[in-house]
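Asker: Below: sequence and its predicted model.
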Amino acid sequence: MTLDALFLALLIVSSFISIDVGYCKFTLQLLTVFLIANFLSLADGLIVIGLYIVMGLIGIPVFAGFGGGIAYAASPTFGFVYGFIFVILLNHLFSDVLLKRMRNELWKSLIGSIVSLIALYAVGFVHGYLILTLVKGKSDFTLGAAFGLFLAPYIPFDIGKLVIASFISSRYVSVLLPSRRVHFNEIDSTNTYLKENYRIYKNLSFVDASYQSKGKGRLGRKWEASKDEALMFSVLIKDKKLLQNAPILSLVAGSAVFKYLKQIGLKNVSIKWPNDIYVNGKKICGILLESVSHEKIDAVIIGIGLNVNQETFPEGFYRTPTSIRLETGSTMDLRDIKKDLYKTIKEEIVSFKEGTSDCLKVINEHNYLKDEKCFCTYKGEKKEIKVLRIDDEGDLVGIIDGDEKKIISDEITFE
Ligand code: BTN
């Protein structure tokens, strides 16, 4: 609502800055309308434009050059005002439906804006032509003359406004947006999607997919699941304080998944450092942390794949994984799990940021490898390790070759 009011005010102010040239009124209105289309939801965009038109028609001087009143409907340029409705509708049709899968937000917005500008011109032109010829009696007005008089002069400026608005929104839309939940029926990988689009999403946005065609696991492995059998999602982290503690974020996410699985009644749940969750000795969930860096870390993406309704798994796993269904005997509704797990993860991340997280305690108490002797590849060599604990920085402490060592996750893989 605050945003709607802000954009409505901006639209009115940008209408006041108006220069009349012949039948044309040059204003910055359209720049604001494109911003409204890009920054606000469809409903909010239509509310703002609707309010603006109603305010103008009932006599508040909000139209270009302080115009207003019901008589304004008979002015040749009024078509360009109600045509804003089509700008909002078409922009959303393109960005939310037709080009939903397009990765490049700038192009997405440019294409939607160009089409909507053409629609605006069509509405504005027809309205202006009809008013001039039928109402104002200028019957000698040819279409060509009308085009030259009240359309052609706008074109270069409107294209400029369109490009500026698309550029601003593709870069800064996340500043104003609340954290978002986005669902894809099918995508290559939710992690890849967020890595490419992190700029337009706010901290703690969630992206999930019913199916991933190129799901990624750790160490360059594939992560595959049939449609709607697993919960596959990624959480975006952009908060500076959280980014400074990026390595611990997978433990935070792991601890959240652990708590959720316990909460739905699973027994024998444990966390295999750094980012797998096991139930009865079988992997049920994997976590893949990826970061986007340009000089510094700009974003971290926490990708989570939780096996939910699988009954069988393909051959080729070192140890066959498990799923919630295999452990509980019941099929689960993915939507319920998604809602509850999102909530748990969000709470866990917020409490980590506030310094009240117990994730290290949880992982140390339920460490799958604790006190186990197991084989691993450490710095490229096969070794035996006795795992002792996870330290305050989220690193593993274990005994290798008789010495206690602090090990970061990139240095070791377990057999
Ligand atoms: C692993 O066990 O190796 C990590 C698996 C992580 C899989 C999830 S599914 C959602 C997100 N998108 C991906 O491509 N990978 C992660």
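Answerer: Nice, thanks for sending it over.
Asker: The closest residue in space to residue 157 that isn't next to it in sequence sits in which helix or strand?
Answerer: The shortest distance from residue 157 to any non-neighbouring residue, by Cβ to Cβ, 6 or more residues apart in numbering, is to residue 26 (6.5 Å). Any C-beta I mention is one placed from the backbone N, CA and C, and that applies to glycine too. Under the assignment given by DSSP states H and E, the secondary-structure element containing residue 26 is strand 24-27.
Asker: Could you list every helix and strand that that strand packs against?
Answerer: Contact partners of strand 24-27 among helices and strands, from 3 or more Cβ pairs under 8 Å, 6 or more residues apart in numbering; DSSP states H and E: strand 18-21.
Asker: Now the strand it packs on: buried residues?
Answerer: Along strand 18-21, the positions that meet the burial threshold by neighbour count (16 or more other Cβ atoms under 10 Å) are residue 18.
Asker: which residues sit against it?
Answerer: 25, 26, 27, 64, 65, 153 (Cβ atoms under 8 Å, 6 or more residues apart in numbering).
Asker: tell me which residues in stretch 4-22 are buried?
Answerer: Of all the residues in stretch 4-22, those buried under the rule 16+ other Cβ under 10 Å are 4, 7, 8, 10, 11, 12, 14, 15, 18.
Asker: quick one, what contacts the fifth one?
Answerer: This points to residue 11. Contacts for residue 11 were tallied using Cβ under 8 Å, 6+ apart; they are 29, 32, 33, 36, 48, 49, 52, 62.
Asker: Looking at those, spot the one nearest the ligand.
Answerer: Proximity of these to the ligand was ranked by Cβ to the nearest ligand atom; the top entry is residue 36 with 33.1 Å.
Asker: For burial, what's the neighbour tally of the residue nearest to residue 157?
Answerer: By the other Cβ atoms under 10 Å criterion, the neighbourhood of residue 26 contains 16 residues.
Asker: need the next SSE after the host helix or strand of residue 253, C-terminal direction.
Answerer: Following DSSP H and E, one finds residue 253 within helix 246-263. Past helix 246-263, heading to the C-terminal end, the next element that is a helix or strand (DSSP H and E) is strand 269-272.
Asker: Look up how far residue 91 lies from the residue nearest to residue 157.
Answerer: In this view, residue 26 and residue 91 are 22 Å apart by Cβ to Cβ, to the nearest Å.
Asker: tell me the phi and psi of residue 304?
Answerer: In this entry, residue 304 is assigned phi and psi values of phi -130, psi 130 (degrees, to the nearest 10).
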